[in-house]
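**Q** Pasting a predicted model and its sequence here:
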2 protein chains.
Amino acid sequence: MEEIIEEIITDEKSSLKFFHYDKAFKFENGASIQELTIAYTASGHLNINRDNAILICHAFTGDADVLSWWSNFVGKGKAIDTNKYFVICSNVLGGCSGTTGPSSKKPNSNLCYGTDFPTFTIKDIVKVQKILIDALGIKKLYCVIGGSMGGMQALQWTASYPQMMEKAIIIASTMTHSPMQIAFNEIAREAITEDNEWYGGKYYGMSSPDKGLALARMLGHITYMSEEYMRKKFGRRRKKALKYFTPSFEVENYLHYNGEKFTSRFDANSFLYLTKAMDFFDAKDDIKKIKNKKNVSLNKVLIISFISDWLYPSTQSAEIVSAYQHANISTEFYEIESNYGHDAFLIKNPEQTKCIKKFLNN
Amino acid sequence: MEEIIEEIITDEKSSLKFFHYDKAFKFENGASIQELTIAYTASGHLNINRDNAILICHAFTGDADVLSWWSNFVGKGKAIDTNKYFVICSNVLGGCSGTTGPSSKKPNSNLCYGTDFPTFTIKDIVKVQKILIDALGIKKLYCVIGGSMGGMQALQWTASYPQMMEKAIIIASTMTHSPMQIAFNEIAREAITEDNEWYGGKYYGMSSPDKGLALARMLGHITYMSEEYMRKKFGRRRKKALKYFTPSFEVENYLHYNGEKFTSRFDANSFLYLTKAMDFFDAKDDIKKIKNKKNVSLNKVLIISFISDWLYPSTQSAEIVSAYQHANISTEFYEIESNYGHDAFLIKNPEQTKCIKKFLNN
């Protein structure tokens, strides 16, 4: 373990690293896999007391490279200051950016898991992160932070390991999906599973269900933007349509472009598994139980929502606040003005910067 | 023409009738078709002055059978009282419930139009309705009424034929689609056109793109309900899933059921053409021009929106009100409390009943 840490401390570029866990990993549903690879990045320096580590959990289609996708908030001198904190981010279990998932090869086999991969939960994702944190020799995280699906992981950390952390920041997230959120996910999944090239999830080495995956991403993309933002960005501006039933408006073109681009970096089965994990996520009861746990070091949670986020609206953040209050955990809650919609959590925003900085430095 | 009217007057059941227009119909884009069939129903009695006729325009996937789909508001003693008014409703041009559209046979051919059908606009739809009204010997409509896409038609009536009507009622509608509304439609269209059984729209006589059409309908269905309504109706109630990637929640099952059911009554090409007609619809300039027209008999417009409708939110109805005010047309505007979302316009509601009744009887 010490070796791993040495390596990290001297790494300035925060390149992707891999931790190979060679024991069996048991899933919440009872299934297990023989071994596990966890892809992660680590930036900054772990101090001598090992008490300045922050775990950042990425959103649905994110990855471990937090210095890229969250460069507005993480880095030297940023809100999450890598001069001060040792920042870890790992690709989620079941993802497709280095950590074991459906597109990984089965042990001692040339075949990928596909839909033979065990079904997993947000709790399983967090359990894998704990394996990494243990391996890094970190006994207590200073803070666990996440937005959107990353926020669900941060929520689950407070419920599963409140003795292993001091603070949590949960941004633009929810304790549990509403039927509308489930409905959007199901339509996206249906687009993938009805694609003739999905082959029941066994498409690896052949073609892949890119049309379905692109469609799923297009739908997701609508929910990431606010109506007002779309009006400002696209309005009703036209584009030259090739045929009548091809895009005629810029907004259509934008969605198609992003849908197609997405297929080159994301795996359709990971999309299916992760959306299911989100739909089944329900942290309400687990948060209630924190107050019965011993040696809880978790002492404060910051919750942030955005006024124009209609995917995870502020009402859902308010429910999180209420749940922690009932568990006797101190909270701070900010609803931030922004017209970007759900994706606001990724975008430069002085108010979000200020909230996070103040919360971490107090 | 007189024959048609006699037939209607004696018809109590309001069964579907067909008007065959044997002249060429010219579309807004310059194309034309040799002949046209218009499917319609007529209920009640046309009075001797022929001034009690009301045209009801159906919504996107509706049909001419207004006594069925709008039984909450149309019928003997209802808000739109067939004891008093002569109520006409025709299936839209390009639809698939009797009026000529992509699934109709080409003249003197066994082939269907498919995507050879000319592309058409809401203006074309309304022009076809005017042909029917002329054929029925009605010089002036007492009122034109419609909800959702029916509201767009009512809007277009006031712009195209303000000399041929006295009143209009526009419910849960818009003068023009926002980029978000276009985006949802495009994803629905993409689901259809990417279905391997769409065959570029030439699927008639073979199988049909039911999977894509069902997916499109599922997506539409989400936008017809409010989040609050979905929470009340479905919550997070589970259903027994057959496999992991099949519906696990009741809301998913509901959407699948409705998506599949829809394919037995609706044509995929009609879905494509009609959503395009809606996306291209922009009545703003046409409404402005009403004040320059001569012999305008249109004198009052009632606009109704629903507080929980996020597909056509009240802000879009307020824009309609403002446009008519600038055209010196008197308006009444009611935003009605309802938690049903967009579909509220179809559902029994004493406030909507009262608004319509009062407006028609004044």
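**A** Yep, it's here.
**Q** can we go C-alpha only for contacts and neighbour counts from here?
**A** Will do.
**Q** and A:E228, what is it in contact with?
**A** A:339-340 (CA atoms under 8 Å, 6 or more residues apart in numbering or on different chains).
**Q** and the nearest residue to A:T174 once chain neighbours are set aside, helix, strand or coil?
**A** Once flanking residues are discounted, A:T174 sits nearest to A:Q316: 5.4 Å by CA to CA, 6 or more residues apart in numbering or on different chains. Under DSSP: H, G, I helix; E, B strand; the rest coil, A:Q316 falls in the helix class.
**Q** shouldn't A:Q316 be in contact with A:M175?
**A** Yes: A:Q316 is within contact range of A:M175, at 7.3 Å (criterion: CA atoms under 8 Å).
**Q** who has more neighbours, those two?
**A** A:M175 (23 against 19; other CA atoms under 10 Å in any protein chain shown).
**Q** helices or strands up against the helix or strand A:L302 falls within?
**A** Here A:L302, judged by DSSP states H and E, is contained in strand A:300-306. With contacts taken as 3 or more CA pairs under 8 Å, 6 or more residues apart in numbering or on different chains; DSSP states H and E, strand A:300-306 sits against strand A:165-171, helix A:314-326, strand A:330-336.
**Q** residues in chain A within reach of chain B, list them.
**A** Proximity of chain A to chain B (CA under 8 Å from any CA of the partner chain) is limited to residues A:119, A:178-180, A:182-184, A:186-187, A:189-191, A:194-196, A:211, A:215, A:218-219, A:222, A:227, A:230-231, A:234-236, A:244-245, A:247, A:251-252, A:255, A:272, A:276.
**Q** Now do stretch A:53-66, average pLDDT.
**A** For stretch A:53-66, mean pLDDT is 98.
**Q** Next up, the contacts around A:I88.
**A** A:40-43, A:53-56.
**Q** Select from those the one having the most neighbours.
**A** A:A42 (30 neighbours).
**Q** For it, grab phi and psi.
**A** phi -140, psi 130 (degrees, to the nearest 10).
**Q** closest one to A:L93 among the helices and strands packed on strand A:300-306?
**A** strand A:165-171 (19.6 Å; CA to CA).
**Q** A helix includes A:I187, no?
**A** Yes: secondary structure of A:I187 (three-state DSSP): part of a helix.
**Q** residue ranges for the helices of the stretch 201-350 of chain A, please.
**A** A:210-224, A:227-233, A:250-263, A:268-280, A:284-288, A:314-326, A:350-361 (DSSP state H, counting those that start in this stretch).
**Q** can I get those in CSV with mean pLDDT and distance to B:F306?
**A** CSV is the format used below for those (pLDDT from 0 to 100; distance: least, CA to CA, whole Å):
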stretch, mean pLDDT, distance to B:F306
helix A:210-224, 98, 22
helix A:227-233, 97, 18
helix A:250-263, 97, 26
helix A:268-280, 98, 29
helix A:284-288, 96, 32
helix A:314-326, 98, 21
helix A:350-361, 98, 34
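**Q** and the most centrally placed residue in chain A, what does it touch?
**A** In chain A, the residue lying closest to the centroid (CA atoms, centre = their mean) is A:A59, at 2.3 Å. By CA under 8 Å, 6+ apart, the residues touching A:A59 are A:146-151.
**Q** Please flag which of the residues you listed sit within strands.
**A** Those of those mapping onto strands are A:146-147, per DSSP state E.
**Q** what about the strand holding A:L302, average pLDDT?
**A** Rounded mean pLDDT across strand A:300-306 is 98.
**Q** And stretch A:130-138, by the same measure?
**A** For stretch A:130-138, the per-residue pLDDT averages 97.
**Q** For it, list every residue counted as buried.
**A** Using 16 or more other CA atoms under 10 Å in any protein chain shown as the test for burial, stretch A:130-138 gives A:130, A:132-133, A:135-136, A:138.
**Q** can you check stretch A:348-359 too?
**A** A:352-353, A:355-357, A:359.
**Q** got it, and stretch A:195-204?
**A** In stretch A:195-204, counting by 16+ other CA under 10 Å, buried: A:195, A:197-198, A:201-204.
**Q** Emit the PyMOL select command for whichever of the residues of chain A next to chain B are buried.
**A** Restricted to buried positions by 16+ other CA under 10 Å, the PyMOL selection for those reads:
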select buried, chain A and resi 119+178+179+180+182+183+184+186+187+189+190+191+194+195+211+215+218+219+222+227+230+234+235+236+245+247+251+252+255+272+276
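**Q** Look up how far chain B lies from A:K300.
**A** 29 Å (CA to the nearest CA, to the nearest Å).
**Q** Just the endpoints, please. Distance across stretch A:19-33?
**A** Length of stretch A:19-33, first residue to last, CA to CA, to the nearest Å: 16 Å.
**Q** what's next to that stretch, contact-wise?
**A** A:34-40, A:118-121, A:123-124, A:132.
**Q** average pLDDT across it?
**A** 97.
**Q** Buried residues in that stretch, which are they?
**A** For stretch A:19-33, the neighbour count (16+ other CA under 10 Å) marks A:19, A:21, A:25-27, A:33 as buried.
**Q** Include secondary structure when you put those residues into TSV, please.
**A** What follows is the buried residues of stretch A:19-33, written out as TSV (three-state DSSP):
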residue	secondary structure
A:F19	strand
A:Y21	strand
A:F25	strand
A:K26	strand
A:F27	coil
A:I33	strand
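**Q** List just the nearest of those to chain B.
**A** Nearest to chain B among the buried residues of stretch A:19-33: A:F27, at 15.2 Å, using CA to the nearest CA.
**Q** Would you mind finding the most buried of the helices and strands packed on strand A:300-306?
**A** strand A:165-171 (a mean of 26; mean count of other CA atoms under 10 Å in any protein chain shown).
**Q** Quick one: list the elements packing against it.
**A** Checking 3+ CA pairs under 8 Å, 6+ apart, strand A:165-171 ends up next to strand A:141-147, helix A:149-160, strand A:300-306.
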